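**Student:** Next input, structure requested:
(one chain, ligands or ions: 1)
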Amino acid sequence: MLEFSSEVSLLDSVKNILLEYGLRFQEPQIEKVDKYIEELLGVPYNLTAHRDLDSAVHKNVVEILLPLKEELKGTLLDVGSGNGVPGLILAIFFSKLKVVLLDSREKSVNFLRGVIEKLDLENVSVVKERAENFSKERREEFDYVTARAVARLNVLVEICTPALKTGGKLLFYKGPSYIEELKEAQRAMKELKVELEKVREYSLKTGERRALLILRKYESSPEKYPRRVGVPFKRPLL
Ligand SMILES: C[S@@+](CC[C@H](N)C(=O)[O-])C[C@H]1O[C@@H](n2cnc3c(N)ncnc32)[C@H](O)[C@@H]1O
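**Tutor:** Predicted structure coming up:
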């Protein structure tokens, strides 16, 4: 039998989870996170089991904020944003960011547009497009490009890097498979002109091990990348 609680205690429990990890926040940010989690779970708070809320906050908020030590500012593109992670969370917590959430799926894009309106977020926009096309058209435009759970590292490097400014950073959220993926991505990194700057490994209290990969673009990517839609996935650079 699941335990249900009142709205107030669930709001507090979001704060408590963040505090447990030493994550700092301001009241308006937490209010937005609350609304977002409610949209994500698709049920009102007073009908949300603690267990589901806890897992949603860990997966979609703590996992994103925990490895970030620096303030992010400038322009950020979130590739394959799905329900908005990590891009939407970063937009809530870093007000100096201007964020574009990119996804090729109609369902995701509609969900994201609804959330942005409900949360009254002024620093976020949504684009429905394949990353291969978007990156080709919007070359060298973003200070950061992020992705989680979209593709293997070699594919991500090809579809994300062209949209990044020279000197900009790729921030990829990965699981423990990142070590193998890094080896596999050596050619893609060389071709697209990015180097590994840092890996921040971290663990959640749920026992999950995660890693934030930070890669830096040191030179413009050749015009031939990304290849046309689907090709980076079907024939990844190896
Ligand atoms: C598994 S979901 C991950 C969503 C989110 N990043 C997260 O971590 O919760 C992958 C998303 O990437 C999108 N996607 C995959 N390939 C893409 C591409 N080439 N261009 C744009 N979006 C893509 C899919 O439509 C899907 O919404």
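
**Student:** Who's the closest spatial neighbour of the most centrally placed residue in the chain, skipping the chain neighbours?
**Tutor:** What sits nearest the mean C-alpha location of the chain, by Cα atoms, centre = their mean, is residue 86, with 2.2 Å. Distances taken as Cβ to Cβ, 6 or more residues apart in numbering place residue 64 nearest to residue 86, at 4.3 Å, with adjacent residues excluded. Every C-beta, even on glycine, is put in place using the N, C-alpha and C of the backbone.

**Student:** Distance-wise, check the one you found relative to the ligand.
**Tutor:** As for residue 64, its distance to the ligand is 9 Å (criterion: Cβ to the nearest ligand atom, to the nearest Å).

**Student:** buried stuff in the one helix or strand that residue maps to?
**Tutor:** Using DSSP states H and E, the element containing residue 64 is helix 63-65. Neighbour counts over helix 63-65 (16 or more other Cβ atoms under 10 Å) mark 63, 64, 65 as buried.

**Student:** Closest to residue 136 out of those residues?
**Tutor:** Residue 136 has its nearest neighbour among the buried residues of helix 63-65 in residue 64, at 27.3 Å by Cβ to Cβ.

**Student:** quick one, what contacts that closest one?
**Tutor:** When the contact criterion is Cβ atoms under 8 Å, 6 or more residues apart in numbering, the partners of residue 64 are 85, 86, 89, 90, 148, 173.

**Student:** what about the nearest residue to the first one once chain neighbours are set aside, neighbour count?
**Tutor:** By that I understand residue 85. Distances taken as Cβ to Cβ, 6+ apart put residue 60 closest to residue 85, at 4.9 Å, once the chain neighbours are dropped. When neighbours are counted by other Cβ atoms under 10 Å, residue 60 registers 20.

**Student:** In a helix, residue 60, correct?
**Tutor:** Yes - with DSSP: H, G, I helix; E, B strand; the rest coil as the criterion, residue 60 is part of a helix.

**Student:** how close does it get to residue 168?
**Tutor:** Per Cβ to Cβ, to the nearest Å, residue 60 is found 24 Å from residue 168.
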